[in-house]
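1. turn this into a model:
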Amino acid sequence: MGITRILRVIGSASLTGALVFASAPPATADQVRDDQWALKSLDAESVWEISRGKGQTVAVIDDGVNARHPDLKGNVIEGKDFIDGGSTAPKNGDNHGTGIAGIIAGHGHGLGNRDGVMGLAPEAKVLAIRANASNSLQFDKAVKYAVDHGASVINISQGGGKYSVDDEEAVAYALKKNVPIVASTGNSGKSVEYPAAYPGLVAVGGLEKSNTIWDNSNNGKQTLLSAPAVDIVSTGGPRNLNGYGIGDGTSTATAYVSAAAALVRSKYPKLTAGQVVNRLTKTAEMPDSEKATKLPDDRYGYGALRPLAALQEDVPKGPAYGPLSLPLKIKSDLEEAEKLKESQAQQKEADREFVILWVITGVLALLFVGGIILMILLVRRRRKKKRNVELAGPSPYPYPPGQAPGYGMPHYQQQPDAQQQMSAPPQQPPLN
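-> You can find the predicted model right below:
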């Protein structure tokens, strides 16, 4: 026997991005699993051979989570109630957060866990936080609490709030702490609602079973991804929180994307929040009828979620913040960091030029001093030589070595030796 829809509700004034599961007659647990068509669409069986989300904690900021549900036992971590205090268990029959938790981290039950709801990341944990995202004070505190208490992904399947500086700074806080926030665009078919509209969030639209956009899915430039959003079976129900429900909404699409982010983080733990989102957007796929559409598209974002491709395909890491737009706080911090980096580079270059100048100055100074010393040495040598000459007096042999007087001097006739003149016999007068 299948699950028959009795009532479908598309949100409320304060939670227009929310899915409220309809109550249904009892159904066999195996039928519940069979009716989870989205798992087949996302090729979950192949996904689980690679990653099941182990070691990851997804914070579910919602109306509470029933930790006693048979498909969630052991996978729910008690967080904090920011609405009225107390535990994070649902109040007044609320079932939305329990349904979101089941889509993310349900593990089924029974023999081999073959019965009941199976989440896309069945080995991930859910940090239950009870808060209303349309209330700025609650949103701000809930996000920071999630970050500070071990969440590796934050899921916000709520909407309808207004812009708040504090909320945007909370988003910046999460991203700087390396935690991506996934939020639903809304179910009115209009523009993307807050908090999904905040820069830095992963805004998710809803898909029909045909992978085309759901008519009620809100759209806008903030949309980054789209995922299954109709006839989604999950844990919880208005009158029986240990039972099951079925319904439509971008809330479910958001839960599938959060689960996929947990799968990727589990397999690639060194990726930043933005690089995880980059893997999801780079491997998303537009329907055939939209292949020529410029991305990101206002309705689909970068396309339909493909978790198996995100785990398998060779996707470059990319920048730290990936395709995410940036909150003002992060933008200003990055600008300051860039200015500081530029200033440091300029200072480094100035220091280098200063060193080069001093080296050149030093070399020139050494050459100058060396020249003066050489000049002094030459002058001293010349003076010493001159002084030596003066001390030696006139030369006793005024002719150049090897030259006798008159030798080589053709202008003068050589005089006869005086001794030869004295010894020559007297000449006889000639005879007549």
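
2. contacts only, for Ile213.
-> Applying Cβ atoms under 8 Å, 6 or more residues apart in numbering, we find Ile213 in contact with Gly205, Gly206, Leu207, Asn219, Ser226, Arg299, Tyr300. Placement of C-beta: from N, CA and C, glycine included.

3. got the confidence number for the residue lying closest to the fifth one once chain neighbours are set aside?
-> For Ser226, the nearest residue in space outside its immediate sequence neighbours is Gly205; the separation is 4.2 Å by Cβ to Cβ, 6 or more residues apart in numbering. The model reports Gly205 with a pLDDT of 98.

4. start the count at 54 instead of 1 going forward.
-> I'll keep to 54 as the first residue from here, and by that count the last item is Gly258.

5. backbone dihedrals for Gly258, please?
-> Gly258 adopts backbone torsions of phi -100, psi 170, taken as degrees, to the nearest 10.

6. Ala314 and Ala337, how far apart?
-> 13 Å (Cβ to Cβ, to the nearest Å).

7. do the same with Asp201
-> Between Asp201 and Ala337 the distance is 31 Å, computed by Cβ to Cβ.

8. pull the contacting residues for the spatially most central residue of the chain.
-> Nearest to the mean C-alpha position of the chain, by Cα atoms, centre = their mean, lies Ala373 at 1.0 Å. By Cβ under 8 Å, 6+ apart, the contact list for Ala373 reads Thr325, Gly327, Gln328.

9. phi, psi for it please.
-> According to degrees, to the nearest 10, Ala373 has phi -60, psi -40.

10. please apply the same query to the one 3 residues further on.
-> Here the main-chain torsion angles of Pro376 (degrees, to the nearest 10) amount to phi -90, psi 0.

11. with the one 5 residues further on instead?
-> Main-chain torsions, Leu381, degrees, to the nearest 10: phi -60, psi -40.

12. which secondary structure element contains the closest residue in space to it that isn't next to it in sequence?
-> Beyond its immediate neighbours in the sequence, the residue positioned closest to Leu381 (Cβ to Cβ, 6+ apart) is Glu221, lying 6.6 Å away. If you go by DSSP states H and E, Glu221 is part of helix 218-229.

13. which strands or helices does that helix pack on?
-> If you count contacts as 3 or more Cβ pairs under 8 Å, 6 or more residues apart in numbering; DSSP states H and E, helix 218-229 packs onto helix 189-201, strand 234-237, helix 326-335, helix 381-445.

14. could you rerun that using 10 Å?
-> Helices and strands touching helix 218-229, as assessed by 3 or more Cβ pairs under 10 Å, 6 or more residues apart in numbering; DSSP states H and E, comprise helix 189-201, strand 206-209, strand 234-237, helix 326-335, helix 381-445.

15. in a strand, Ser104, correct?
-> No: according to DSSP: H, G, I helix; E, B strand; the rest coil, Ser104 belongs to no strand; its state is coil.

16. quick one: which two of the contacts of Ile266 are the most distant?
-> Using Cβ to Cβ, those reach their maximum pairwise distance at Leu260 and Asn272, which is 12.4 Å.

17. which one's more surrounded, these two?
-> Taking neighbours as other Cβ atoms under 10 Å, Leu260 and Asn272 compare with Leu260 leading, 29 against 21.

18. that one contacts Leu358, correct?
-> Yes: the criterion here is Cβ atoms under 10 Å, and Leu260 meets it with Leu358 at 8.5 Å.

19. give me the subset of the contacts of Ile266 lying in strands.
-> Gly258, Gly259, Leu260, Ser279 (DSSP state E).

20. residue contacts, the closest residue to the third one other than its chain neighbours?
-> Meaning Leu260. Spatially, and ignoring its direct neighbours in sequence, Leu260 is nearest to Ser279 (5.1 Å; Cβ to Cβ, 6+ apart). Contacts for Ser279 (Cβ atoms under 10 Å, 6 or more residues apart in numbering) come out as 238, 256-260, 264-267, 270, 272, 303, 306, 309-310, 337, 339-340, 350, 352-358.

21. 8 Å - rerun?
-> Here Ser279 is in contact with 257-260, 266, 270, 306, 337, 352-354, 356-358 (criterion: Cβ under 8 Å, 6+ apart).

22. likewise for Ala227?
-> Val196, Lys197, Ala199, Val200, Ile207, Pro233, Ile234, Gly253, Ala326.

23. of those residues, just the buried ones, PyMOL syntax please.
-> This is how PyMOL selects the buried members of those, with burial counted by 16 or more other Cβ atoms under 10 Å:
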select buried, resi 196+199+200+207+233+234+253+326
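
24. how about the contacts of Ala227 in JSON lines, adding pLDDT?
-> Formatted as JSON lines, the contacts of Ala227 follow (pLDDT from 0 to 100):
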{"residue": "Val196", "pLDDT": "97"}
{"residue": "Lys197", "pLDDT": "98"}
{"residue": "Ala199", "pLDDT": "98"}
{"residue": "Val200", "pLDDT": "98"}
{"residue": "Ile207", "pLDDT": "98"}
{"residue": "Pro233", "pLDDT": "98"}
{"residue": "Ile234", "pLDDT": "98"}
{"residue": "Gly253", "pLDDT": "97"}
{"residue": "Ala326", "pLDDT": "97"}
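
25. point to the helix or strand of the chain where mean pLDDT is at its lowest.
-> Least confident helix or strand of the chain, by mean pLDDT, DSSP states H and E, is helix 471-476 with a mean of 50.

26. so where's the stretch 254-403 of the chain shaky on pLDDT?
-> For the stretch 254-403 of the chain, applying pLDDT under 70 flags the ranges 291, 387-400.

27. now with 80, please.
-> For the stretch 254-403 of the chain, the stretches flagged by pLDDT under 80 are 290-293, 386-403.

28. need phi/psi at Leu358.
-> Torsion angles, degrees, to the nearest 10, at Leu358: phi -60, psi 130.

29. for it, which non-adjacent residue is spatially closest?
-> Ala280 (4.3 Å).

30. can you count the residues close to Gly424?
-> 10.

31. list the helices and strands the helix or strand containing Ile299 packs on?
-> Here Ile299, judged by DSSP H and E, is contained in strand 297-300. For strand 297-300, the elements it packs on are strand 285-288, judged by 3+ Cβ pairs under 8 Å, 6+ apart.

32. CA-only coordinates of the strand it packs on in PDB, if you can.
-> Output of strand 285-288 as PDB, limited to C-alpha atoms (Å, rounded to 0.1, in the frame of the first residue of the first chain):
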ATOM      1  CA  ILE A 285       9.200  13.900  -1.400                       C
ATOM      2  CA  VAL A 286       8.600  11.200   1.300                       C
ATOM      3  CA  SER A 287      10.400  11.700   4.600                       C
ATOM      4  CA  THR A 288      10.300  11.200   8.400                       C
END
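
33. can you point out the buried residues in it?
-> So for strand 285-288, counting by 16+ other Cβ under 10 Å, buried means Ile285, Val286, Ser287, Thr288.
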